[in-house]
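# Structure for this input, please:
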Amino acid sequence: MLAADPGASIASIAAEAGVDRRTVYRRFASREDLLAAIYEARLKAVEDAIEDARLREAPVAVALHRYVENVIGVNRTWPVDLSRMLADDTVRARRDTSVREVDAFFERAVGEGLLRQDLPKGWASALLPQLMHLVNRQLPELTPGQAADVVVDTLLNGLGTP
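I've put the predicted structure just below:
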């Protein structure tokens with residue numbers, strides 16, 4: 001609900017969840033506490049997705065697909081406004097750690113020849129989230145694995161004919 005309407009009230013969130021708003025307030029003292037819990041859950045899910053992908057040790061192509069599939073799943077489960085989420089300094093610092101991990105992975109992918117060396121530094125790590133966002137918006141019927149197939153193929157092979 002908050003992804004569709006960031007101003008959704010606690011009462012409407014409670015109604016959508018099938019509980020009384022007092023139930024929500026017993027768990028979360030305020031709307032900000034609820035948002036903080038949502039942001040924490042999303043952030044933890046992204047960190048788990050990165051860990052599960054084994055970006056440092058798995059074969060690069062395998063790690064890339066696993067990472068994309070995992071993050072697409074996170075984005076579908078926790079579709080929150082990232083700009084609001086990143087306004088919190090602690091959240092931003094944790095997110096920046098994840099970004100550095102992915103950037104290091106892309107450097108590894110370039111070093112191992114999976115990605116071109118002649119592209120501007122950071123181009124792949126800037127493009128990948130855009131491709132994941134696009135596949136979620138344009139092809140929501142695909143499973144996360146199928147969506148990852150499309151994203152990884154587009155990233156690695158582009159749109160031209162082989």
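# Dump the worst-scoring helix or strand of the chain on mean pLDDT to CSV, keeping only the CA atoms.
The weakest-scoring helix or strand in the chain, judged by mean pLDDT, DSSP states H and E, is helix 82-85 (a mean of 72). Provided in CSV are the C-alpha atoms of helix 82-85 (Å, rounded to 0.1, in the frame of the first residue of the first chain):
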residue,chain,number,x,y,z
LEU,A,82,13.9,4.4,-1.9
SER,A,83,14.4,8.2,-1.7
ARG,A,84,12.4,8.3,1.5
MET,A,85,14.2,5.2,2.8
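# what packs against that helix?
Applying 3 or more Cβ pairs under 8 Å, 6 or more residues apart in numbering; DSSP states H and E, we find helix 82-85 packed against helix 31-53. Every C-beta, even on glycine, is put in place using the N, C-alpha and C of the backbone.
# Can you name every helix or strand that the helix or strand just after the helix it packs on contacts?
Using DSSP states H and E, the helix or strand that follows helix 31-53 in sequence is helix 60-77. Under the contact criterion of 3+ Cβ pairs under 8 Å, 6+ apart, helix 60-77 touches helix 31-53, helix 89-111, helix 123-138, helix 144-157.
# right, so of those helices, which gets closest to residue 66?
Residue 66 lies closest to helix 31-53 among the helices and strands packed on helix 60-77, at 4.2 Å (Cβ to Cβ).
# give the contact list for the residue of the chain positioned farthest from its centre.
The centre of the chain is farthest from one residue, residue 22, which by Cα atoms, centre = their mean lies 31.2 Å away. Counting by Cβ atoms under 8 Å, 6 or more residues apart in numbering, residue 22 makes contact with nothing.
# What lies in contact with the least confident helix or strand of the chain?
With Cβ under 8 Å, 6+ apart as the criterion, helix 82-85 contacts 6, 35, 39, 42-43, 91, 95.
# Counting neighbours, which bits of it end up buried?
Going by neighbour count (16 or more other Cβ atoms under 10 Å), the buried part of helix 82-85 is residue 85.
# Over to stretch 135-149?
Using 16+ other Cβ under 10 Å as the test for burial, stretch 135-149 gives 135-136, 142, 144, 147-149.
# what do you get for stretch 147-162?
Within stretch 147-162, the residues that count as buried by 16+ other Cβ under 10 Å are 147-152, 155.
# So for the chain, which residue is the most central one in space?
For the chain, the residue nearest the mean C-alpha position is residue 71 (4.3 Å; Cα atoms, centre = their mean).
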